[in-house]
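# structure for the following, please:
(chains A and B)
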Protein chains: 2
Amino acid sequence: MTNGYLGKSLRVNLSDEKVVVEEQPDDFYRTYMGGRAMAAYFLVREVAPGVDPLGPENKLYFLTGPLTGAPVPGCGRNSIAARSPLTGRFGESQVGGYFGAELKRAGFDHVIVEGQAARPVYLWIHDGQAEIRDATALWGLDIVATQEAIRAELDDHLVRTALIGPGGENLVRYACVMNDVNHAAGRSGMGAVMGSKRLKGIAVRGHDHVPIANPERLRACAQKIIEDKKTQEQWKRYGTTVGTSGMNASGGLPTRNFQTGYFEEGDRLSGDALNESLLIDVGTCYACLFRCKRIVEASSPWTIDRRFGGPEYETIAAFGSNCGVSDLATVCKANELCVAYGLDTISTGVAIGFAMECQERGLLSERDLDELDLRFGNGEAMVRAIKMIARRQGIGDLLAEGVMRAAERIGGDSSNFAMQAGGQEFPMHMARQKPTLGVAYAIGAAGADHGLGFHDTSLTTEGPGMLPWRELGILKPEPLTQLSISKVRALIYGQCWRTVVDSALVCLLVPYSRTDVVELISAATGWNTSLFELMKVGERGITLARLFNTRQGFTRKDDRLPDRCFQPVPTGAMAGASIDRGKFEEMVDAYYEMMGWDPATGQPRRGVLLELGLEWAVP
Amino acid sequence: MTNGYLGKSLRVNLSDEKVVVEEQPDDFYRTYMGGRAMAAYFLVREVAPGVDPLGPENKLYFLTGPLTGAPVPGCGRNSIAARSPLTGRFGESQVGGYFGAELKRAGFDHVIVEGQAARPVYLWIHDGQAEIRDATALWGLDIVATQEAIRAELDDHLVRTALIGPGGENLVRYACVMNDVNHAAGRSGMGAVMGSKRLKGIAVRGHDHVPIANPERLRACAQKIIEDKKTQEQWKRYGTTVGTSGMNASGGLPTRNFQTGYFEEGDRLSGDALNESLLIDVGTCYACLFRCKRIVEASSPWTIDRRFGGPEYETIAAFGSNCGVSDLATVCKANELCVAYGLDTISTGVAIGFAMECQERGLLSERDLDELDLRFGNGEAMVRAIKMIARRQGIGDLLAEGVMRAAERIGGDSSNFAMQAGGQEFPMHMARQKPTLGVAYAIGAAGADHGLGFHDTSLTTEGPGMLPWRELGILKPEPLTQLSISKVRALIYGQCWRTVVDSALVCLLVPYSRTDVVELISAATGWNTSLFELMKVGERGITLARLFNTRQGFTRKDDRLPDRCFQPVPTGAMAGASIDRGKFEEMVDAYYEMMGWDPATGQPRRGVLLELGLEWAVP
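As a prediction, the model looks like this:
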């Protein structure tokens, strides 16, 4: 290899306990890079249409990128992918921590898990070796206990882990995978896929250096970020909770199952409120100085163990305003339980908020609810519901299916307020405030995902990461609330770039410019790359993910939003706002057409496949 | 203006003698840049379908780019555009010299000429002023005499000119415009458009500096090129004649109207042969150290005046091997006459070669030929034919129409060997050796144009400007003679990049890397641009030029090559080579599809127009 990659993939078949090492050529990395784009490549190549996401034929990919393990801030990330049991679509989730870098130090860029173990197992990867080990004794343990047990068994307290908890074991469709206890690969239900394979976790330890083609160039590029103590201090102070108050003030804080965007008790959920109450420390990822992770602790009214970390903005909104709960300790307890059980906090919060609305509307019987008083604002019931979901008890068994399936079973008009797109629950952004994000939710390969529509969460003013993006040819700032052709174009370019970031695997929150990221990738790999080449990698990733979905039978008619998005917001700064349905459909068409997809079917046309070098994918 | 542009366009209507100055905003430049892309913009916006190319409704654009006049090598270029009288299509030609830089120094980025003068005129532009002046006395003069007369009249020997000769006056469909006497805007017949407007020339003089946003950054970027004395020496030694021998040896030197690619007397036409005989000096363009222009002189058997410069490779092949003429002095005389009369040497040479083959095949009667013995190899007849073309005398009147129209009149099977595509005569490259270039000829907005297929003239080995182009994601070298999807993709990316170069207006021959050009544009304009943004400008230019053509009624069926391209080459290193017709059609389809054009009609689809920010151009 002439670049910073190792070039090695570990392929593990749990059915026959076969472990093989595969080598990949340089051009393969340069074409599909890593992370999200490479996940899309592997899924189209290796996972046939119609495969049961929870069956042995589904495959689970742990993927690094060229920047995973680079010794500069923001490079502690990896990606996990499979056909999603939540959506049936392209499933992929990104996660920080230390696991990804350690995997590279152990000699592998990828781990591909196939088949299904006969009994619970975990995978132990160390310095170029891999073995499948019994995990019968670990089955049922929470994330912290599992990591402790594995470290004790291997007699190495520096072993890094990617684990599932009871949520994944019990096939909760939005179960997540936890890196190093408190870093969540939250979305798309990758934990359930892991559970279906009876794979409790992957433990990894390596002693090599992560190969970097040009370490001096890498360091020089990161120097500005490393020296930016002011921004580091801001991230350390608030992490992602920085925006909670502003979201509420602007009418964009999802409240009571997205009924509105203003929570009257929102001040109690703010970043300052957390700092002044439960926050006791901050955490970080591999080599990162930005320390955005919250660490909370409490002893009453809830006991909250600091080892489970603390909540992100998304978690605070999902269990706070979205469930009508204003008590931060209860929100933090909900977070702790989700970490312990390995549940995605967004989908869990939205599922409970949905159940609360169903109960208030009389769509759930008392028997359904099993004496659980799921009114909005009942934090205690919310906490109990999380446990029931993880264990698939009572109403929890229904909610563990996600709101799309739950609404199908509950019936009535419940699907109108089942806040999901493509089968995945909405993140904590109001599509009626950010209608372009609504388009992204509807079309998103992984369903509703703020990752791939992120650009529109903060683009009101010019600044880092915000419109206009002149170097992408997006020359004009445009209002957040506008839905237009030019916004859809910005969405596409923003998604291509985001796919680059998530394929290189560098953290979006660390304030590298696009130019910096091009330079970081060049330094890490030795490629003389460019923003053009990278944007094509991003476009390739999006197109392949789409292709995966259309091959699974999804079409244009599956790209939609729940009715609530088309009804006016009742209160707050966005009062009266709704998405115009005709305009929305027009923009979905425009998105397809701009991407080179057939607007009648939503399928990528032959032309775009050829242009992206995907001749092999032409039907 | 925050950038290096002036922001001013001069619009001159010759019918009513109205002169207005228009101002353009920064985003307009950033979207359409200049040169070729901006030409396409103006033509789609301002020239309606069906307009007579030689009538008053056609418009003629003199366009600079962000690098025109930048005080570094390769930046002495401008572009001239109109609906082409030769092809009926998008017509555009690029030219070096000093005129473009002088136009900027006089305060204008563009001159737009509309209408038709009642009598011969010229335009005098000086320091922000413009006036229409009588040119009755100049009509009929050759290029050198015209420039001398204008400089005398204006009493300023530093006036720069863009002129037509008798060729343009007499509406020879491939008449060119000459900058500063011996720099030709050769292709597309822009001189005939100028002649139809009775505009003998534009004279310009300015005393301002050309505005550059960041002169130090510009200079720093060019420093490597400025110091590269070795390459400068190579260009000075041979100019474009460097490749003549190699073209012949590789079987790619068009010979006797492209019947074959090997000329048995080719050695007599080589760069060394010219250096050892007629070459007496070299010339250059504004601020350029590469001095690639040949200057020749002779007194017998022909008198050749050094003021008319000397021949490029294209000219040597067109009048040499392509007409079966091996005498360099005769070739140089042919060049001198084309300069004097303002005729494109490529189209003139191909038209005469075509007539030679028609005569040999008995398709022209003696009366047609007017006692001209147009056998291959008869240099004297060739020289006489040039004069007859310029004056539209005898057979010259027919040949002045170009080979497409001539073949229609001559009939028989002559269209099979009328070497043109889209109505424009082939440049001096063998499509059977470089079949991807053949696709470029067939599809090219301006018909056969080595400018827009240039990448494939020299891509056999890795090196500057050659495949692979890793930063464009073209990762593998591929044989010159191969026709494949991946070559078509390289063609498209190569054309997008070439359109950037021709819109920024920097010389392709000066060995700037793509990274250098991005940097030069950033320095000149103050834009924080990128290879991605620039490639989109290129794609926008190509798409708009295509749109201009489809609006003129051209469709997929007009994108074709003469039969000769599908027949085996009889001799030389390429003996036996031909283009497979089925494969060719398949590649044309693939090109359309990759560009987002409808393969059934060749029209740009709505999707690509929206993606490129061309909402205004959606039908």
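# could you pull out the strands for the stretch 151-300 of chain A?
A:160-163, A:177-179, A:183-185, A:199-205, A:279-283, A:293-296 (DSSP state E, counting those that start in this stretch).
# tell me the mean pLDDT over the second one?
Regarding strand A:177-179, the rounded mean pLDDT is 98.
# ditto for the longest one
Mean pLDDT, strand A:199-205: 98.
# and of the strands of the stretch 151-300 of chain A, who's closest to chain B?
strand A:183-185 (28.8 Å; CB to the nearest CB). Just so you know, the C-beta spots here come from the backbone N, C-alpha and C atoms, and that holds for glycine as well.
# in its sheet, which strands sit next to that closest one, and in what direction?
strand A:177-179 (antiparallel) (DSSP bridges).
# okay, buried residues for stretch A:600-612 please.
A:602-612 (16 or more other CB atoms under 10 Å in any protein chain shown).
# between those residues, which is closest to chain B?
Here the nearest of the buried residues of stretch A:600-612 to chain B, counting by CB to the nearest CB, is residue A:607; it sits at 3.0 Å.
# report the contact partners of that closest one.
Counting by CB atoms under 8 Å, 6 or more residues apart in numbering or on different chains, residue A:607 touches A:596, B:590, B:592-596, B:599.
# for the buried residues of stretch A:600-612, give me CSV that also has distance to residue A:374 and pLDDT.
Shown next, in CSV, are the buried residues of stretch A:600-612 (distance: CB to CB, whole Å; pLDDT from 0 to 100):
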residue, distance to residue A:374, pLDDT
A:602, 36, 94
A:603, 41, 96
A:604, 42, 98
A:605, 46, 97
A:606, 50, 97
A:607, 50, 97
A:608, 46, 98
A:609, 47, 98
A:610, 52, 98
A:611, 51, 98
A:612, 47, 98
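# kindly report the residues of the stretch 401-550 of chain A close to chain B.
Applying CB under 8 Å from any CB of the partner chain, we find that the stretch 401-550 of chain A lies next to chain B at A:470-473, A:475-476, A:485-486, A:488-489, A:492, A:514-515, A:527-533, A:535-537.
# can you name every helix or strand that the helix or strand bottoming out on mean pLDDT in chain A contacts?
Using mean pLDDT, DSSP states H and E, helix A:366-369 stands out as the lowest-scoring helix or strand of chain A, at a mean of 76. With contacts taken as 3 or more CB pairs under 8 Å, 6 or more residues apart in numbering or on different chains; DSSP states H and E, helix A:366-369 sits against helix A:395-399.
# for the helix it packs on, buried residues please.
So for helix A:395-399, counting by 16+ other CB under 10 Å, buried means A:395-396, A:398-399.
# chain B: which of those is nearest?
Using CB to the nearest CB, residue A:399 comes nearest to chain B of those, at 40.1 Å.
# how about the contacts made by that closest one?
A:351-352, A:354-355, A:385, A:388-389, A:406.
# okay, those residues in TSV with distance to residue B:275, neighbour count and secondary structure next?
Shown next, in TSV, are those (distance: CB to CB, whole Å; neighbours: other CB atoms under 10 Å in any protein chain shown; DSSP: H, G, I helix; E, B strand; the rest coil):
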residue	distance to residue B:275	neighbour count	secondary structure
A:351	82	33	helix
A:352	85	33	helix
A:354	83	28	helix
A:355	88	30	helix
A:385	88	28	helix
A:388	90	20	helix
A:389	85	32	helix
A:406	84	22	helix
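# in the residues you listed, find the pair that's most separated.
Maximum pairwise distance among the contacts of residue A:399 (CB to CB): 14.5 Å, between A:354 and A:388.
# ok, residue A:16 touching residue A:114?
No. Here residue A:16 lies out of contact with residue A:114, judged by CB atoms under 8 Å, at a distance of 9.2 Å.
# show me which of these two is the more surrounded one.
Legend: neighbour count by other CB atoms under 10 Å in any protein chain shown for residue A:16 and residue A:114, higher for residue A:114 (19 against 7).
# who's the more buried one bridged to?
Applying DSSP bridges, one finds that residue A:114 bridges with residue A:13.
# quick one, what contacts it?
Per CB under 8 Å, 6+ apart, neighbours of residue A:114: A:11-15, A:56, A:59-60.
# what about 7 Å?
Under the criterion of CB atoms under 7 Å, 6 or more residues apart in numbering or on different chains, the neighbours of residue A:114 are A:11-14, A:59.
# swap in residue A:277?
Residue A:277 touches residue A:328, counting by CB under 7 Å, 6+ apart.
# check the gap between it and residue B:211 for me.
Between residue A:277 and residue B:211 the computed distance is 58 Å (CB to CB, to the nearest Å).
# quick check, nearest of the contacts of residue A:399 to residue A:22?
For these, the closest approach to residue A:22 (CB to CB) belongs to residue A:389, at 37.4 Å.
# that closest one reaches residue A:349, doesn't it?
No. Residue A:389 is not in contact with residue A:349 according to CB atoms under 7 Å; the separation is 10.7 Å.
# related to what we said a few turns ago, got the CA positions of the least confident helix or strand of chain A in CSV?
The C-alpha trace of helix A:366-369 is given here as CSV (Å, rounded to 0.1, in the frame of the first residue of the first chain):
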residue,chain,number,x,y,z
GLU,A,366,-55.6,0.0,29.5
ARG,A,367,-54.8,-3.6,28.7
ASP,A,368,-52.4,-2.4,26.0
LEU,A,369,-50.8,-0.2,28.5
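# next one: that helix to chain centre, how far?
32 Å (CA atoms, centre = their mean, to the nearest Å).
# show me the contacts for residue A:273.
For residue A:273, the contact set (CB under 7 Å, 6+ apart) comprises A:267, A:328.
# spell out which parts of chain A neighbour chain B.
Within chain A, the positions adjacent to chain B are A:27, A:30, A:470-473, A:475, A:485, A:489, A:527-533, A:535-536, A:590, A:593-594, A:596, A:605-607, A:610-611, A:613, A:615 by CB under 7 Å from any CB of the partner chain.
# filter those residues to the buried ones?
Neighbour-count burial (16+ other CB under 10 Å) applied to the residues of chain A next to chain B gives A:30, A:470-473, A:475, A:485, A:489, A:527, A:529-533, A:535-536, A:590, A:593-594, A:596, A:605-607, A:610-611, A:613.
# taking these one by one, which sit in helices?
In helices, defined here by DSSP state H, the members of those are A:30, A:485, A:489, A:531-533, A:535-536, A:590, A:593-594, A:606-607, A:610-611.
# the strands in the stretch 401-550 of chain A, which residues?
Listed in chain order, the strands of the stretch 401-550 of chain A (DSSP E, counting those that start in this stretch) span A:420-421, A:424-425.
# ok, back up a step: between the contacts of residue A:114, which is nearest chain B?
Scanning those for proximity to chain B, where the rule is CB to the nearest CB, the winner is residue A:11, at 24.7 Å.
# for the closest one, which non-adjacent residue is spatially closest?
residue A:112 (4.5 Å; CB to CB, 6 or more residues apart in numbering or on different chains).
# ok and the helix or strand harbouring the one you found relative to strand A:199-205, angle-wise?
Element membership of residue A:112, judged by DSSP states H and E, is strand A:110-114. Angle of strand A:110-114 versus strand A:199-205, following axes from the mean of the first three to the mean of the last three CA atoms, to 10 degrees, is 160 degrees.
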